[in-house]
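# attaching a predicted model along with its sequence, questions to come.
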Amino acid sequence: GFGQAEGMRMPGRDIFITTLLAAASGGLLVARGATAQEAPSPVPLIQVAGTRFVGPRGDTMVFRGVSFSDPDKLAREGHWNRALFEEARLRWNANIVRLPVHPRAWRERGPEAYLALLDSGLTWAQETSLYVIIDWHSIGNLRTELFQDPMYNTSRTETLRFWQIIAARYGQRPAVAFYE
């Protein structure tokens, strides 16, 4: 993954605080942050410059993130909504959220219905000035197809097809910062 969990849970939600660091040579990087008074704005396209993530003017970007539960699970429990993204941005001062997509949830909901969840999430992320990591959340060995739990079971073919669909749909969206 791209982050290190700091072991903090928000009460009543499966949300973990994750700190995402851009590699940099020496020194602490200070990221821009939003306050409750700032109006959300679309996030600018980020690029890689050497060992840094940079904005359009070359300013270093440091990501502070929150990893949500699978959007399918959150939707089934009534928590997949804009308020979740607002809380991540304003209460936790995150500037990026991770959306783990479990292969079993992808299959059970179906690609089109699952993409509708991701579409909503991308809209809410943009409205709240958040970047997004889309994570094909499979824990195991794709080559041998041995996985930690049945929810992570997938195949090379399914994984490749997932990323082809995601790239075609979201490849030009500046809010999608990373794929994991």
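Cool, got the structure.
# how about low-confidence regions in the chain?
Screening the chain residue by residue with the criterion pLDDT under 70, one finds the ranges 1-41, 139-140, 146, 148, 153.
# now do the helices in it.
Assigned helices in the chain, in chain order: 71-76, 82-90, 103-109, 111-127, 156-170 (criterion: DSSP state H).
# possible to save these as CSV with distance to Arg52 and mean neighbour count?
All C-beta spots, glycine's among them, are computed from the backbone N, C-alpha and C. Listed next are the helices of the chain as CSV, based on distance: least, C-beta to C-beta, whole Å; neighbours: other C-beta atoms under 10 Å:
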stretch, distance to Arg52, mean neighbour count
helix 71-76, 30, 18
helix 82-90, 23, 19
helix 103-109, 33, 18
helix 111-127, 22, 17
helix 156-170, 23, 14
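# of those helices, which approaches Ile133 most closely?
Closest of the helices of the chain to Ile133 is helix 111-127, at 10.3 Å (criterion: C-beta to C-beta).
# point out the other helices and strands that that closest one packs with.
Contacting helix 111-127 under the criterion 3 or more C-beta pairs under 8 Å, 6 or more residues apart in numbering; DSSP states H and E are the following elements: helix 71-76, helix 82-90, strand 96-101, helix 103-109, strand 131-136, helix 156-170.
# any idea how far the most centrally placed residue in the chain lies from Thr144?
For the chain, the residue nearest the mean C-alpha position is Arg98 (2.2 Å; C-alpha atoms, centre = their mean). Counting by C-beta to C-beta, to the nearest Å, the separation of Arg98 from Thr144 is 26 Å.
# same question for Met151.
For Met151, the distance to Thr144 equals 18 Å [C-beta to C-beta].
# which one of these two has more residues nearby?
With other C-beta atoms under 10 Å as the criterion, Met151 and Thr144 differ in neighbour count, and Met151 comes out ahead with 17 against 7.
# show the contacting residues for the more buried one.
When the contact criterion is C-beta atoms under 8 Å, 6 or more residues apart in numbering, the partners of Met151 are His102, Pro103, Arg104, Ala105.
# ok, the second one touching Ser138?
Yes. With contact defined as C-beta atoms under 8 Å, Pro103 counts as touching Ser138 (5.5 Å).
# ok, back up a step: out of the contacts of Met151, which two are the most distant from each other?
Pro103 and Ala105 (7.4 Å).
# if we can go back for a sec, could I get the helices and strands packed on helix 111-127 in TSV, plus columns for distance to Gln47?
Putting these into TSV (distance: least, C-beta to C-beta, whole Å) gives the following:
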stretch	distance to Gln47
helix 71-76	27
helix 82-90	22
strand 96-101	15
helix 103-109	29
strand 131-136	13
helix 156-170	17
